[in-house]
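Engineer: next comes the sequence, and after it the predicted model I'd like to discuss.
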Amino acid sequence: MLNIAIRAARAAGTIITRSVEQVDTLTITSKARNQFVSEVDERAEGEIIAVIHKAYPDHGILAEESGTQGNDEYQWIIDPLDGTTNFLYGVPHFAISIALRHRGRLEHGVVYDPIRNELFTASRGAGAQLNSRRIRVTTRRGLDEALLGTGMPYSDMVHLDAYLGMLKALIPPTAGIRRPGSASLDLAYVAAGRYDGFWEIGLNPWDIAAGVLLIQEAGGLVSDLAGNPRHMETGHIVAAGPKVFKAMLQTLKPHLTDALR
Ligand code: IPD
Ligand code: CA
Ligand code: CA
């Protein structure tokens, strides 16, 4: 199943990279304020689902652009292009994210960066890899010298003030904060030890499913902003190595509104 996920991710990667030079000729529609979808998102998603259904015709799908279909005993969770805004503005930082959930448990995850040809993979109990080499989260002991990734609100502004409070609290004690614009890659970078931690408010399951398994298999911890295992349902997420994770939760705590707890 991991191999099918990899095949699907690479096929989508080919579709996306071929279109990078022709972004201005694409048909683009808007789902909500600042939420764009291009024909490339849709073509890439169609290709991923075709590859999966060829191998596993009975499996269910939860995909960003086409929604849910089929049974959910085996459910493939798909973001065909994570970082669409980057893609549309010519910023070469985006990924394909594919995960397989079996009876509610994440079993396989793939995050693929087609520009750098970096393939992040994880299977439950088998560790996490970058281009087949084992990766691990960092062993940093706290926020001092930690480099964190994040995503900031850009469409729905309900949590903007809470988010800015969190940012203000995390800037001084750390080495820096990055907002690269692709949540699945942010999580993959934490798994690979490039960032010491990551947090964001209001993501969707397809943004994080593969990344969550990458983090766990790389020795890291994942939760919602209050430390509870509700990140897949709420989309509020913190991920890091164990000590940075604890320090991040402590720092975020005073900034949680009722809706974020
Ligand atoms: C977005 C990216 C971004 C995150 C947004 C996501 P999309 O996904 O992951 O980093 O901040 O919340 O929606 O729309 O480009 O697939
Ligand atoms: Ca996404
Ligand atoms: Ca997307």
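Structural biologist: Nice, thanks for sending it over. Numbers count the residues shown, from 1 in each chain. Ligands and ions are numbered 1, 2, ... in the order given.
Engineer: alongside ligand 2, which residues does the stretch 1-150 of the chain contribute?
Structural biologist: By C-beta under 5 Å from the ion, the residues of the stretch 1-150 of the chain that approach ligand 2 are 79, 82. In short, each C-beta sits where N, CA and C put it, glycine included.
Engineer: get me the contact residues on the stretch 51-200 of the chain for ligand 1.
Structural biologist: 79, 82-85, 151, 181-183, 200 (C-beta under 6 Å from any ligand atom).
Engineer: now list the buried members of those residues.
Structural biologist: 79, 82-84, 151, 181-183, 200 (16 or more other C-beta atoms under 10 Å).
Engineer: pull the most distant pair out of those.
Structural biologist: Largest separation among these by C-beta to C-beta: 84 and 200, giving 15.8 Å.
Engineer: just the ones of the residues of the stretch 51-200 of the chain next to ligand 1 in strands?
Structural biologist: Counting by DSSP state E, those place 79, 82, 200 in strands.
Engineer: which residues does the residue of the stretch 1-150 of the chain found nearest ligand 1 contact?
Structural biologist: Here the residue of the stretch 1-150 of the chain nearest ligand 1 is residue 84; by C-beta to the nearest ligand atom that distance is 3.8 Å. By C-beta atoms under 8 Å, 6 or more residues apart in numbering, the contact list for residue 84 reads 36-38, 41, 94.
Engineer: ok, residue 125 to residue 217 distance?
Structural biologist: Counting by C-beta to C-beta, to the nearest Å, the separation of residue 125 from residue 217 is 8 Å.
Engineer: centre of the chain to the helix or strand of the chain with the lowest mean pLDDT, how far?
Structural biologist: The helix or strand of the chain with the poorest confidence is strand 35-38; it has a mean of 86 (mean pLDDT, DSSP states H and E). Centre-to-centre, strand 35-38 and its host chain are 17 Å apart (C-alpha atoms, centre = their mean, to the nearest Å).
Engineer: in it, what's buried?
Structural biologist: Buried positions in strand 35-38, judged by neighbour count with 16+ other C-beta under 10 Å: 36-38.
Engineer: do stretch 224-238 and ligand 2 meet at all?
Structural biologist: No. Contact of stretch 224-238 with ligand 2 (C-beta under 5 Å from the ion) is absent, the minimum separation being 10.5 Å.
Engineer: how about that stretch, does it reach ligand 1?
Structural biologist: No. Between stretch 224-238 and ligand 1, judged by C-beta under 6 Å from any ligand atom, nothing touches; the nearest distance is 8.3 Å.
Engineer: let me know the pLDDT of the closest residue to ligand 1 within the stretch 101-250 of the chain.
Structural biologist: Closest contact between the stretch 101-250 of the chain and ligand 1, by C-beta to the nearest ligand atom, is at residue 151 (3.0 Å). At residue 151, the model reports a pLDDT of 98.
Engineer: that one contacts residue 178, doesn't it?
Structural biologist: No. At 10.0 Å, residue 151 and residue 178 do not qualify as touching, with contact defined as C-beta atoms under 8 Å.
Engineer: identify the contacts common to those two.
Structural biologist: Listed as contacting both residue 151 and residue 178 by C-beta under 8 Å, 6+ apart are residue 186.
Engineer: just the helices from this structure, written as ranges.
Structural biologist: 2-19, 39-55, 84-89, 160-170, 183-191, 205-217, 231-234, 242-252 (DSSP state H).
Engineer: is stretch 34-44 positioned near ligand 3?
Structural biologist: No. Figure legend: stretch 34-44 not in contact with ligand 3 (C-beta under 5 Å from the ion); closest approach 5.8 Å.
Engineer: put the alpha carbons of that stretch into PDB.
Structural biologist: Provided in PDB are the C-alpha atoms of stretch 34-44 (Å, rounded to 0.1, in the frame of the first residue of the first chain):
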ATOM      1  CA  ASN A  34      -7.800  33.600  -0.500                       C
ATOM      2  CA  GLN A  35      -8.600  29.900  -1.100                       C
ATOM      3  CA  PHE A  36      -7.800  29.200  -4.700                       C
ATOM      4  CA  VAL A  37      -8.000  25.900  -6.600                       C
ATOM      5  CA  SER A  38      -6.500  25.400 -10.000                       C
ATOM      6  CA  GLU A  39      -7.200  22.800 -12.700                       C
ATOM      7  CA  VAL A  40      -3.800  21.300 -11.600                       C
ATOM      8  CA  ASP A  41      -5.100  20.600  -8.100                       C
ATOM      9  CA  GLU A  42      -8.000  18.800  -9.700                       C
ATOM     10  CA  ARG A  43      -6.000  16.900 -12.300                       C
ATOM     11  CA  ALA A  44      -3.400  15.800  -9.700                       C
END
